[in-house]
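Asks: How does the following fold in three dimensions:
(chains A and B)
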Amino acid sequence: MKITAILALIVSVLALILGWLSLAVTSLEAYPVPLLGALFLTLVVLFISICISHKETKPSIIIFAILALVSAIILRALPEYLHGLNINGVIHRSIISALLLIGIGVPATCYSLFYLLGATPRAYEISRYPLLVFPIILVASAYTIIIFKIIATGAPQVSWSLIITPFKSESWPVEVWQNGWPNFVSKSTLQIGLLNSILGTFLLMVLTSIISLPVGMGIGIFVHQYAGQRLGGVIRFSTTALRAISGIILAITALSLLHIVNGTLHRTFLNYLIQGFGYYPNGTLQIGRSSFLFASIFVSLLVIPIIARATEEGLNSLPKDIREGSLAIGTSEEHTLTHISLPWCLPNIITGLVLGCAEAAGALSIIFLMAGTGQLGVNPLSETTSLAYFIFDSRFGAQMGDTVQTYMGSYQYAAAFLLLIITVGLTVLAMVLKNKIARRYKAI
Amino acid sequence: MPNKVQKMQKTIFKKRKSKISAIKTITFIMAFIPIVILVAIIISLLLNSRTAIHTGGWSLFSAKFDASSRLYGLLPAVWGTFLVILVAMIIAAPVSLFLAILANDFSIGFLGTAVRWALGVLSGIPSIIFAAMAPVFFASFIWPKFAGKGLTETALLKIAQYSTLPLNGSTLLGGILLSLLIIPFLSPLMDDAIKSVPHTFKEASFSLGADRWHTLINVTLPSAISGISSALMLGILTALGESVIVAFAVGFEADKIPVPLFDILKKTAPLTSSIVGFSAGGFSPIQNGALLTSIGNFAGLILLVVAFVFLGISTYLQIRFKKRFIP
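Replies: Residues are numbered from 1 along each chain as shown, chains lettered A, B, ... in the order given. Next up is the predicted model:
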């Protein structure tokens, strides 16, 4: 029986591998039909050997064997390209064969593993792993493709000079004396670099954390310390709602604010504050789409819930003895809060802040309707820009005649690589901090 | 003398009380910021969608969007939202459940820790990176499988027209990329739900002679079902609100409901990316008219209502889950 089980296992694992491959490749059309036939044969042999050695009939194996035979016949009959039936697109046969191979290969692997390990309860447990692991492998390969593509294309593009030079593309007339007559020649410079986008990302992170840290901490303290059951519930719900309602809703609210400001004729300080401005090198004032300050107020609406939740969790995790001990020696409630409770939950708050920074670096759904290309420089009152917006713009900006993207559109993978380093680095940092906190709880 | 002491005590007490109330007021004001902003958002959406309601009326819920003939139906966008979320959840829900199971009951050695760390790292990838990968997935998966990459032009024209091929975006591509975004978010929530099932339940099952798989299927998952479905609701909420990926992979226009209703190879843009299209994305120098912006606000209102429904269900399920296990 072992030999038949090994045979069935080998064939079904081959079927799984072939199914996995034919999700990506179209040129393996010769193999699924014979493999399904072999799977049918091995499953039938396995069924017979189980009948002989265990003296039991396992109908499910024979059902899967018949399914393998039927799907082999179906695949044989199908043309290479399916179309019609009102469905858009031309469906290649390999996607159907991949689905059939996976659908029959997974249970076949489970059964053959079960009988290979001797049909014990322990074998039953182990034989469930292929079912759990195979879908994860499929998804993991998709992630691998993404990360590999970004690193393979983006990392060679990144150089030190790309990081430290801002993008600049200008042309201006220069007076040149030729044969005693002045002659105007147009002169231009072109600098390729991502500095403004990188600085913009960091500025967005800094401004967002400055805005959201006090507010988030305040919400966490109020909900934990002062609010009753009902008020706390309302505040908690609205805080989660801010994060849960889509970013695009926040974005169109911000846009309608911008429209109001756009409508006013007189340029007051408020206009510059909300819209942002900058000077081109020749001295002309240029008004942006929205300033960093304005954008980071809206981005911080996404970060406030994270920090509030982290603060609340930290305050909840403070052991009661410590707080009551502090109150027992006569300190006031407020003194206990500032000297005992808040220092205790400081690591939680820092973790929340780091996660919030990662969120702000990748937050595009808020700013992508109002950010600019960052040629106006980077300060809190100039036009918003970030690495994420650069990547977004590389798809749509070049079509719209955007000068940055016509020269730098091919650098989107470099920008993606840098953004990936920033956000993943911050997330890993937050995870390490979280682990440290978890260890501290264990010590007490 | 006792008077003096009492006075001192009073002043000290007053001082303390005033200090406490200072912190209380400040945090009170901060705690009301989210509520105020939420109300302000709703008011802004309502005010800005007045024009759309005036011109559109009930035809905003019709099944055709065509700006040139003054038909502004948003039903295709709603259907597109449903389709994208359906594709994303069909992929993401089982995979994240399996990941959560692998991290908990079926963990061997460092497998659980490794799964959690990998999910944590993946959760740091922002949505724009998945969106920027849409052309890669198109070239390696959608084009050869669903758009006839290997065929010659004449052979292709015999069986299909170019306009019907999913060449620059499809709901399927959007759903696949969305599911990649959701999984690292969804799986830790399911992990928490499974983890918080009391150990005594499982031990009772083990002591009756059940193995790990039977315990999982018959005890752990049914006990954690409300936590898991609450996590699913939150995952749907994330998919609902995601706008960048669908803008890249599906497009901006939802003009009619696809003819076989579940045709995921067509481009039926969901609500979020239609809003981007309506409100004249920042990348376009030409501003759309006031009417389209207003319709965008109305679509935002629909999105808000749907999001609140899902959030409400999720909150209710969480409360139920907590009541069940924490006496």
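
Asks: gap between the helix or strand encompassing residue B:25 and the chain center?
Replies: In this assignment (DSSP states H and E), residue B:25 forms part of helix B:2-48. Its chain's C-alpha centre and that of helix B:2-48 lie 35 Å apart, by Cα atoms, centre = their mean, to the nearest Å.

Asks: where do the strands sit along the chain?
Replies: The chain I'm using is chain A. Secondary structure of chain A (DSSP state E): strands at A:81-82, A:91-92, A:168-178, A:181-191, A:277-279, A:285-287.

Asks: was after chain B, sorry
Replies: Taking DSSP E, the strands of chain B run over residues B:65-66, B:71-72.

Asks: Find the residue closest to residue A:426 in space, skipping its chain neighbours.
Replies: residue A:358 (3.9 Å; Cβ to Cβ, 6 or more residues apart in numbering or on different chains). Backbone N, C-alpha and C define where each C-beta goes, glycine included.

Asks: any weak-confidence spans in the stretch 201-327 of chain B?
Replies: B:280-288, B:325-327 (pLDDT under 70).

Asks: Quick check, the residue in it closest to chain A?
Replies: Nearest residue of the stretch 201-327 of chain B to chain A, counting by Cβ to the nearest Cβ: residue B:241, 2.7 Å away.

Asks: so how far is residue A:408 from the residue nearest to that residue when sequence neighbours are not counted?
Replies: Counting by Cβ to Cβ, 6+ apart, residue B:241 lies nearest to residue A:246, which is 2.7 Å off, once chain neighbours are set aside. Noted for residue A:246: a distance of 30 Å to residue A:408, by Cβ to Cβ, to the nearest Å.

Asks: Then residue B:276?
Replies: 23 Å.

Asks: For residue A:246, give me the backbone phi and psi.
Replies: phi -70, psi 150 (degrees, to the nearest 10).

Asks: neighbours around it, how many?
Replies: Residue A:246 has 24 neighbouring residues, counting by other Cβ atoms under 10 Å in any protein chain shown.

Asks: Roughly how far does it sit from residue A:195?
Replies: 32 Å.

Asks: dump the residue contacts of the closest residue to chain A within the stretch 51-200 of chain B.
Replies: Per Cβ to the nearest Cβ, the residue of the stretch 51-200 of chain B with the smallest distance to chain A is residue B:126, at 2.4 Å. Going by Cβ atoms under 8 Å, 6 or more residues apart in numbering or on different chains, residue B:126 touches A:358, A:361-364, A:388, A:419, A:423.

Asks: Chain B is nearest to which of the strands of chain A?
Replies: strand A:91-92 (4.9 Å).

Asks: Can you list the strands that that closest one pairs with?
Replies: strand A:81-82 (antiparallel) (DSSP bridges).

Asks: Check the gap between residue A:325 and chain B for me.
Replies: As judged by Cβ to the nearest Cβ, to the nearest Å, residue A:325 and chain B stand 19 Å apart.

Asks: Kindly report the same for residue A:268.
Replies: Counting by Cβ to the nearest Cβ - residue A:268 and chain B are separated by 21 Å.

Asks: Isn't the residue nearest to residue B:241 up against residue B:307?
Replies: Yes - with contact defined as Cβ atoms under 8 Å, residue A:246 and residue B:307 form a contacting pair (6.4 Å).

Asks: residues shared between the contacts of those two?
Replies: Counting by Cβ under 8 Å, 6+ apart, the residues touching both residue A:246 and residue B:307 are B:240-241.

Asks: near chain B, which residues of the stretch 1-150 of chain A show up?
Replies: Within the stretch 1-150 of chain A, the residues that sit near chain B (Cβ under 8 Å from any Cβ of the partner chain) are A:23-24, A:26, A:81, A:83-92, A:94-95, A:121-122, A:124-125, A:128-129, A:132-133, A:135-136, A:138-139, A:142-143, A:145-146, A:149-150.

Asks: and residue A:314, which of the strands of chain A is closest to it?
Replies: strand A:277-279 (40.5 Å; Cβ to Cβ).

Asks: Report the buried residues of the closest one.
Replies: A:277-278 (16 or more other Cβ atoms under 10 Å in any protein chain shown).

Asks: partners of that strand in the sheet?
Replies: Checking strand A:277-279 against DSSP bridges gives partners strand A:285-287 (antiparallel).

Asks: What mean pLDDT does the strand it pairs with get?
Replies: Per-region confidence: strand A:285-287 scores 73 on mean pLDDT.

Asks: again, but for stretch A:385-398
Replies: Rounded mean pLDDT across stretch A:385-398 is 82.

Asks: now stretch A:201-210: mean pLDDT?
Replies: For stretch A:201-210, the mean pLDDT works out to 92.

Asks: Stretch A:346-356 now?
Replies: 90.

Asks: can you tell me if that stretch touches chain B.
Replies: No - in terms of Cβ under 8 Å from any Cβ, no part of stretch A:346-356 sits within range of chain B; the closest distance is 8.9 Å.

Asks: likewise stretch A:156-165?
Replies: No - using Cβ under 8 Å from any Cβ, stretch A:156-165 never reaches chain B; the gap is at least 13.9 Å.

Asks: first vs last residue of that stretch, how far apart are they?
Replies: Stretch A:156-165 stretches 17 Å from its first residue to its last (Cα to Cα, to the nearest Å).

Asks: buried ones in it?
Replies: Under 16+ other Cβ under 10 Å, the buried positions of stretch A:156-165 are A:157-158, A:162.

Asks: Turn those residues into JSON lines, including distance to residue B:41 and pLDDT.
Replies: Rendered in JSON lines, the data for the buried residues of stretch A:156-165 read as follows (distance: Cβ to Cβ, whole Å; pLDDT from 0 to 100):
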{"residue": "A:157", "distance to residue B:41": "40", "pLDDT": "86"}
{"residue": "A:158", "distance to residue B:41": "39", "pLDDT": "86"}
{"residue": "A:162", "distance to residue B:41": "39", "pLDDT": "83"}
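
Asks: between those residues, which is nearest residue B:263?
Replies: Distance to residue B:263, by Cβ to Cβ, is smallest for residue A:157 among the buried residues of stretch A:156-165, at 38.5 Å.

Asks: wait, what's in contact with the closest one?
Replies: Residue A:157 neighbours (Cβ under 8 Å, 6+ apart): A:410-411, A:413-414, A:417.
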